[in-house]
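A.B. asks: prediction below, plus the sequence it came from.
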Amino acid sequence: MSEQAILPRNVVAGEHISALDLARLSHQKYIVKQQHEDLENAIGYYIEAIRNDSKVAEPYYRLASLMYEKGQITLESAIEQCQTAVSLEPDNINAHIYAGYFLSMSEDYKSAQSEFDYAIKTGLLNSARPRLFLSKLIKREIDLEGVTVGRIAKYLYYLLSGGMLLMCDKAAVRMMIETIADNISVFSYKTLGETCEKAKMYSSAFKAYSDGMAKTQHGDVFYKKMGDLSMSRQDLLSGLECYKKALSVTPDNREVLLKLATLIQTSFPDRIDEAIDYYNKLLEFNIDNDKIYYELGHLYLRKDDRLNAVSAFKLALQQNEDNPYYNNSLAYAYVRVELYDDAIEYYQKAIKLNPDAKWTSIVCHALGAVYGEVKGNFEAAEATYQAGLVLDPSNYELVLSLGDLQMVKGDLDKAIRTYCDGITLDPENFLAYAKAGLALWEKDYIEESIVSFHKSIELNPNFEISQNNLGVVYLDGMGTPKESVKYFLNAIKLNPNYTLAYFNAGRALQAIGENTRAAEYYQMALDLNKITNELSEDDIQSRLYDLFD
């Protein structure tokens, strides 16, 4: 177990340091700095001190205090350890104070008062702490049983006398001085760093925080400050490292845990499990747990852990059932596990809550897709899409999905009008032109279809589907196979795995008599189709054989 190179008071260099001295030193540092490592060291050394000499009272009551604070023992066990200390050294004032403190916590006020009374009688001028504890006990008695002149008098007597005698308590005064000195040191380095930050002297600010860490060992303050500074400079790796160091010093620091979880979630997608671990630790604080479960749900979805995602969103909803975003996320998770009826229920609830028209329009889009693509309920899908467009008439993707639905229903006139609405919404978006071109082709509006596909390609020359579809219109609509070939070849160049484009290129080349080249493209289509299953294999083979009849 490592130790700082600082000797306890009354121990000189070169002298053997006992486990009890080391425990006192670590305990003192823990009280001043609240560092997890000092707490662990103090507990370890107190245990070692008991092993070395089980007849000394101090390690028992000190250990009871630290282990109870850490949650390692129950209140009853803490009382037993303090009573052991009292039995070992009946005149030890601190043993009686600690025993009284834990007895008061267990609401055994009579026994606690006896312990404090004994400490006051024995301690004389060194009785500030038991007097203050006793005043607090009497105040509790007043709250429970009512005000009397005697109780008020006793309360004021012990409160005032305890305050006056506090300056006679050497241990308390020494701790107060050391705490003040430590606070001043922390404040100085922190202020220097913050001043440098405001002056945009970031390197100097980082050095000030680093020096403050080396001087004061307050990692909870300075590692966090260095992490915040690194994040403001977009140095994510440095920020992550600093926050991890801050957490190693104070593992129960909720703010640092939250920063770590958020940073990893947003910037380190390959470390999802770490973010999940941090969020699970945050749940132990029982603060905003619904938000934590919500974030956990999204992380589980990114892992494709769908069942845990559903569970996390359900737990979020249990704590805040009227949150529209939680309802929407649970619905999406249900879609991922193919529980579509459940998904519909929660999408509907999210839409009903309607926190924002644009957002709710997006939810309508998702619900409409479930109705149309999964349930085959085209009427419900169309009604939901229309409701979404009432909420947000500018939802471009929703307009296109409505047009797609009308295409599936065979209502080409409506589909064309809807796609034109999309073009009106966003004239520079290639997708509505591509979809309108297909609807116009299906309606036998050949020239209009060609114009629409050309506009789509003009806006996005890399969209292979428009390239292929324009070739089809030239080949089958205009009867100009030579014109069509270049568009099929463009589509293949953009997507070398485009089975349909190879097949169409073969058809065009066959039409202009280039049978050898046509055979090559048919064969490529045949090979790719074994993977993609886009076309009828018999149809491809038939055309390939026809080339050489």
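C.D. replies: Sure, I can see it.
A.B. asks: show me what counts as buried in the strand or helix carrying residue 447.
C.D. replies: In the assignment (DSSP states H and E), residue 447 maps to helix 446-459. Residues of helix 446-459 classed as buried under the neighbour-count rule (16 or more other C-beta atoms under 10 Å) are 448-450, 452-453, 455-457, 459. Any C-beta I mention is one placed from the backbone N, CA and C, and that applies to glycine too.
A.B. asks: also stretch 522-535?
C.D. replies: 522, 524-526, 528-529, 535.
A.B. asks: list the contacts of that stretch.
C.D. replies: Stretch 522-535 is contacted from outside by 497, 499-500, 502-503, 506, 537, 540-541, 543-544, 547, using C-beta atoms under 8 Å, 6 or more residues apart in numbering.
A.B. asks: which element, helix or strand, includes residue 123?
C.D. replies: Assigned by DSSP H and E, residue 123 falls in helix 109-123.
A.B. asks: ok, residue 145 - contacts?
C.D. replies: If you count contacts by C-beta under 8 Å, 6+ apart, then residue 145 has residue 151 around it.
A.B. asks: and it, how far is that from residue 157?
C.D. replies: Separation of residue 145 from residue 157 (C-beta to C-beta, to the nearest Å): 18 Å.
A.B. asks: what does residue 85 give?
C.D. replies: Here the criterion is C-beta to C-beta. By it, residue 85 lies 28 Å from residue 157.
A.B. asks: which one of those two has more residues nearby?
C.D. replies: In this view residue 85 and residue 157 are compared by other C-beta atoms under 10 Å, and residue 85 has more residues nearby, 25 against 14.
A.B. asks: the more buried one against residue 93, yeah?
C.D. replies: No - under the criterion of C-beta atoms under 8 Å, residue 85 is not in contact with residue 93, lying 11.1 Å apart.
A.B. asks: circling back: among the contacts of stretch 522-535, which ones are in helices?
C.D. replies: Residues of the contacts of stretch 522-535 located in helices (DSSP state H): 499-500, 502-503, 506, 537, 540-541, 543-544.
A.B. asks: may I see the ChimeraX selection of the buried members of those?
C.D. replies: Applying 16+ other C-beta under 10 Å to those leaves a buried subset, and the ChimeraX line that selects it is:
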select :499,500,502,503,506,540,543,544
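A.B. asks: I'd like the ones in helices among the contacts of stretch 522-535 laid out as JSON lines, including distance to residue 17 and pLDDT.
C.D. replies: Converted to JSON lines, those look like this (distance: C-beta to C-beta, whole Å; pLDDT from 0 to 100):
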{"residue": "499", "distance to residue 17": "79", "pLDDT": "95"}
{"residue": "500", "distance to residue 17": "82", "pLDDT": "96"}
{"residue": "502", "distance to residue 17": "82", "pLDDT": "96"}
{"residue": "503", "distance to residue 17": "85", "pLDDT": "95"}
{"residue": "506", "distance to residue 17": "89", "pLDDT": "95"}
{"residue": "537", "distance to residue 17": "85", "pLDDT": "91"}
{"residue": "540", "distance to residue 17": "87", "pLDDT": "90"}
{"residue": "541", "distance to residue 17": "89", "pLDDT": "89"}
{"residue": "543", "distance to residue 17": "92", "pLDDT": "90"}
{"residue": "544", "distance to residue 17": "90", "pLDDT": "87"}
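A.B. asks: which of the buried residues of helix 446-459 sit farthest apart?
C.D. replies: Across the buried residues of helix 446-459, the longest distance by C-beta to C-beta is 16.9 Å; it joins 448 and 459.
A.B. asks: all strands for this structure, in order.
C.D. replies: Counting by DSSP state E, the chain forms no strands at all.
A.B. asks: re the thing from before, just the ones of the buried residues of stretch 522-535 in helices?
C.D. replies: Using DSSP H, these in helices are 522, 524-526, 528-529.
A.B. asks: surely residue 423 and residue 435 touch.
C.D. replies: No - Residue 423 lies out of contact with residue 435 (C-beta under 8 Å); the separation is 9.5 Å.
A.B. asks: those two: who's more crowded?
C.D. replies: residue 435 (25 against 19).
A.B. asks: what sits against the more buried one?
C.D. replies: 400, 403-404, 407, 419, 422.
A.B. asks: quick check: the two most widely separated of those?
C.D. replies: Taking C-beta to C-beta as the measure, those span a maximum distance of 12.8 Å, between 407 and 422.
A.B. asks: same drill for the two, tell me which one is more crowded.
C.D. replies: It is residue 422, of residue 407 and residue 422, that has more neighbours when counted by other C-beta under 10 Å, with 24 against 19.
A.B. asks: point out where the protein drops to low pLDDT.
C.D. replies: By pLDDT under 70, the weakly predicted segments of the chain are 1-16, 31-35, 162, 166-183, 549.
A.B. asks: repeat the analysis, applying 50 as the threshold.
C.D. replies: 1-15 (pLDDT under 50).
A.B. asks: and it, what are its domain boundaries?
C.D. replies: Domain ranges of the chain: 55-168, 464-549, per automatic domain parsing.
A.B. asks: any figure for the gap between residue 330 and residue 296?
C.D. replies: 13 Å.
A.B. asks: buried residues of stretch 506-519, list them for me.
C.D. replies: The neighbour-count check on stretch 506-519 (16+ other C-beta under 10 Å) flags 506-511, 514, 517-519 as buried.
A.B. asks: of these, which belong to helices?
C.D. replies: Mapping the buried residues of stretch 506-519 onto helices (DSSP H) picks out 506-511, 517-519.
A.B. asks: relative to residue 41, which of those residues is nearest.
C.D. replies: Relative to residue 41, the closest of those is residue 506; by C-beta to C-beta it sits at 78.1 Å.
A.B. asks: my guess is that closest one contacts residue 514. True?
C.D. replies: No - counting by C-beta under 8 Å, residue 506 stays clear of residue 514, with 9.7 Å between them.
A.B. asks: quick one: the helices in the stretch 101-250 of the chain?
C.D. replies: All helices of the stretch 101-250 of the chain, identified by DSSP state H, counting those that start in this stretch, fall at 109-123, 128-145, 149-165, 170-198, 202-216, 219-232, 236-249.
A.B. asks: which among the ones you listed is found nearest to residue 305?
C.D. replies: Closest approach to residue 305 among the helices of the stretch 101-250 of the chain is made by helix 236-249 (23.4 Å; C-beta to C-beta).
A.B. asks: go through the buried residues of helix 446-459 and name the one nearest residue 64.
C.D. replies: residue 459 (75.4 Å).
A.B. asks: gap between that closest one and residue 433?
C.D. replies: In this view, residue 459 and residue 433 are 7 Å apart by C-beta to C-beta.
A.B. asks: likewise for residue 476?
C.D. replies: Counting by C-beta to C-beta - residue 476 and residue 433 are separated by 20 Å.
A.B. asks: which of those two has more neighbours?
C.D. replies: Shown here are residue 476 and residue 433; by other C-beta under 10 Å, residue 433 has more neighbours (27 against 16).
A.B. asks: what sits against the residue lying closest to that one once chain neighbours are set aside?
C.D. replies: Spatially, and ignoring its direct neighbours in sequence, residue 433 is nearest to residue 456 (3.8 Å; C-beta to C-beta, 6 or more residues apart in numbering). Residues in contact with residue 456 (C-beta under 8 Å, 6+ apart) are 430-431, 433-434, 437, 463, 466.
A.B. asks: turn those into TSV, including distance to residue 311.
C.D. replies: As requested, the contacts of residue 456 are exported to TSV (distance: C-beta to C-beta, whole Å):
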residue	distance to residue 311
430	41
431	37
433	44
434	41
437	45
463	40
466	43
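A.B. asks: which among the residues you listed gets closest to residue 250?
C.D. replies: Looking across the contacts of residue 456 and measuring by C-beta to C-beta, the closest to residue 250 is residue 431, at 51.8 Å.
A.B. asks: right, and that closest one touches residue 400 too?
C.D. replies: Yes - the pair residue 431 and residue 400 passes the contact test of C-beta under 8 Å, sitting 6.4 Å apart.
A.B. asks: hey, what's in contact with both of the two?
C.D. replies: Contact criterion C-beta under 8 Å, 6+ apart; residues shared by residue 431 and residue 400: residue 422.
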